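[1] Let me see the structure of the following:
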Amino acid sequence: MGILHYGTDSTPIHIADRALAHLKVVVVAKLRRQESFTVSWQHHAEDGQGRSTIWLHPSIPVRFEFDEPVTPELNREWIEELAHSANALGGITLVSEHVESSEDRGQQVEEPAA
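    Model prediction:
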């Protein structure tokens, strides 16, 4: 489980490593262009029901911490979906990855995003 550290708040935001790796690509691209935006996610079951949103701004420090030492292979479609939501009025909504196998294009398998 990865952790997103944002600003001076000491409360870690736990996000699955794979999801955090994809989110990082989009967040870094937006911040590099000096763009501010929101990121929203649903809480883990053990954290109770609910959802959270943070406002990301280029002047506020952000740090991505991963449990896995190797960067996963990135899914371009998932990055594009996150980037598209980043440019929408509601900001990035952290959604699950949809993976189709080459053997069975009719089924979708979701990986928990957060």
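
[2] how far out from the middle of the chain is the lengthiest helix in the chain?
    Longest helix in the chain, counting residues (DSSP state H): helix 17-32. Chain-centre distance of helix 17-32: 6 Å, with C-alpha atoms, centre = their mean, to the nearest Å.

[3] who's in contact with the helix or strand just after it?
    Sequence order places strand 37-42 as the next helix or strand after helix 17-32, per DSSP states H and E. Contacts to strand 37-42, defined as C-beta atoms under 8 Å, 6 or more residues apart in numbering, come from residues 13, 15, 23, 27, 30, 50-56, 86, 90-94, 113-114. For glycine as for every other residue, the C-beta is placed from the backbone atoms N, C-alpha and C.

[4] Buried only: go through the residues you listed for me.
    The neighbour-count test (16 or more other C-beta atoms under 10 Å) marks 13, 15, 23, 27, 30, 54, 56, 86, 91-94, 113-114 as buried among the contacts of strand 37-42.
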